[in-house]
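Asks: this one's sequence-less:
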């Protein structure tokens with residue numbers, strides 16, 4: 001840390017502190033194109049992906065931590081700012097007691113549909129009007145864990161860059177490409193998809209374990225309450241269901257999506273092995 005210059009801030013009225021606190025609101029995130037990330041683990045994940053913080057705030061107790069030093073060096077090298085703050089400021093910025101020893105401001109990153117390369121990965125996910133940032137963040141993390149290609153957000157979705165959403169990704173927000181698009185644009189673009197598109201519906205008749213998943217597969221999920229609308233179900237090559245064997249009649253969206261992701265990746269892995277024999 002000795003080779004990195006930083007300044008100390010002790011006032012909650014500091015402009016940078018106020019800007020960081022404002023990023024809890026979607027309006028501020030949309031206006032600035034920035035977002036807030038908490039904790040050295042997530043910040044380190046960003047640095048390892050080549051993404052440096054625009055602003056890095058830390059408490060004195062973390063000043064000598066190797067991960068903090070690395071993040072600070074990356075921040076300064078990218079033209080960002082490193083700030084030592086008080087525990088009170090960390091708690092106010094994070095909006096939680098016993099806050100993480102570091103928080104950072106990053107720039108948001110979205111791709112367009114036409115920037116995606118479907119052939120680069122075997123499994124992709126599209127989500128329509130997902131409402132819960134915890135669900136969305138968990139899906140982003142699962143896509144990353146399974147080696148998926150990216151997540152397409154269709155229609156009026158919650159913000160993946162909310163503090164809750166970013167926290168749920170555990171750093172995968174920096175590794176998984178994100179796209180925002182409307183229903184009409186998605187339907188028009190879907191015609192160019194080179195593999196298969198599979199939807200999930202409780203009323204479907206095909207078991208998810210028996211569907212014909214072709215490389216690359218795009219999994220299309222509806223929102224938590226209404227599920228997949230008819231106009232999107234109609235553009236799928238096949239709609240499948242995950243059987244409910246107990247009393248509950250449905251699964252949490254992120255759980256259902258995780259089951260689908262691994263069903264597809266396992267099938268594609270098997271297909272690759274068979275093709276190689």
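Replies: On my side now, so go ahead. All figures in this text were calculated on a predicted structure; none of them were measured in a lab.

Asks: List the buried residues for stretch 161-175?
Replies: Across stretch 161-175, burial judged by 16 or more other Cβ atoms under 10 Å covers 161-163, 165-175. Placement of C-beta: from N, CA and C, glycine included.

Asks: And stretch 241-249, by the same measure?
Replies: Buried, per 16+ other Cβ under 10 Å, within stretch 241-249: 241-242.

Asks: Please state the offset of it from the chain centre?
Replies: From the chain centre to the centre of stretch 241-249 is a distance of 27 Å (Cα atoms, centre = their mean, to the nearest Å).

Asks: Run through who's touching it.
Replies: 200-208, 250-251, 256, 259-260 (Cβ atoms under 8 Å, 6 or more residues apart in numbering).

Asks: Partner strands of the host helix or strand of residue 198 and their direction?
Replies: Take DSSP states H and E as the rule and residue 198 turns out to sit in strand 196-200. If you go by DSSP bridges, strand 196-200 pairs up with strand 217-221 (parallel), strand 238-241 (parallel).

Asks: ok, back up a step: show the buried residues in the contacts of stretch 241-249.
Replies: Buried among the contacts of stretch 241-249 (16+ other Cβ under 10 Å): 200-201, 204, 208, 256, 259-260.

Asks: Which of these fall in helices?
Replies: 256, 259-260 (DSSP state H).

Asks: For the stretch 1-150 of the chain, which residues score under the pLDDT cut-off?
Replies: For the stretch 1-150 of the chain, the stretches with pLDDT under 70 are 1-3.

Asks: Now with 90, please.
Replies: Scanning the stretch 1-150 of the chain with the threshold set as pLDDT under 90 gives 1-6, 95-100.

Asks: coming back round to it: please dump the buried residues of stretch 161-175 into TSV; it should also carry secondary structure for every row.
Replies: What follows is the buried residues of stretch 161-175, written out as TSV (DSSP: H, G, I helix; E, B strand; the rest coil):
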residue	secondary structure
161	coil
162	coil
163	helix
165	helix
166	helix
167	helix
168	helix
169	helix
170	coil
171	coil
172	helix
173	helix
174	helix
175	coil
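
Asks: any idea which of the residues you listed is closest to residue 120?
Replies: Residue 120 lies nearest to residue 175 out of the buried residues of stretch 161-175, by Cβ to Cβ, at 13.6 Å.

Asks: Would you check that that closest one makes contact with residue 146?
Replies: No: with contact defined as Cβ atoms under 8 Å, residue 175 does not count as touching residue 146 (12.0 Å).

Asks: Show me the domain layout of this protein.
Replies: Split into domains by automatic domain parsing, the chain comes to 7-107, 113-276.

Asks: End to end on the first one, go ahead and measure it.
Replies: When the termini of domain 7-107 are compared using Cα to Cα, to the nearest Å, they are 21 Å apart.

Asks: before we move on, what about stretch 198-215?
Replies: The first-to-last residue distance of stretch 198-215 comes to 12 Å (Cα to Cα).

Asks: ok, how many other residues are close to residue 119?
Replies: Residue 119 sits with 11 neighbouring residues when counted by other Cβ atoms under 10 Å.

Asks: so it sits in a helix?
Replies: Yes: per three-state DSSP, residue 119 lies within a helix segment.
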